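Asker: turn this into a model:
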Amino acid sequence: MNIALAMFCGKNKFTLIIPFLLGLLFWCEVMPFMMIAFILIYKYTKTSVLLSNLIFYFLSNLGCYWFWYAHSMKGFLDCYILALPFLLKAIAITYVWVFVLDFVYKKVPCLKLNLIKKVRI
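Answerer: Numbering: from 1, shown residues only. Purely as a prediction, here's the structure:
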């Protein structure tokens, strides 16, 4: 859901606060890498679900590799290969949340959060 929120927040920076608050609530060593991923998604990839998830996947797993895996090629490959199922689930969940947020935006006219209207799927 956080990736979908970062994609939909448009110019309204208030909605970008939600992933940061959740990050503070569930803090771990990898959180700075995840916050950088959310900022990059917010700034550059508001229209691509796949690209947003790939950015998050590569940056968050870079943090996992840095803190929790052996600093070798085997550790690097283990980190990214073991996280592939999570990437696939994250893409599916982000598609669901994009559809939900898009539906709410279109059906509830009183929501003027300056959300983007088109998301390329």
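Asker: could you use CA atoms for every contact and neighbour count after this?
Answerer: Noted.
Asker: where in the chain is pLDDT low?
Answerer: Counting by pLDDT under 70, the chain has low-confidence residues at 1-16, 45-47, 109-121.
Asker: what segments of it are helices?
Answerer: 2-8, 17-25, 31-44, 49-68, 73-82, 84-107 (DSSP state H).
Asker: can you list the ones you listed in CSV and add mean neighbour count?
Answerer: CSV is the format used below for the helices of the chain (neighbours: other CA atoms under 10 Å):
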stretch, mean neighbour count
helix 2-8, 24
helix 17-25, 14
helix 31-44, 19
helix 49-68, 19
helix 73-82, 14
helix 84-107, 15
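Asker: who's sitting farthest from the centroid in the chain?
Answerer: Within the chain, the residue lying farthest from the chain centre (CA atoms, centre = their mean) is residue 72, at 26.8 Å.
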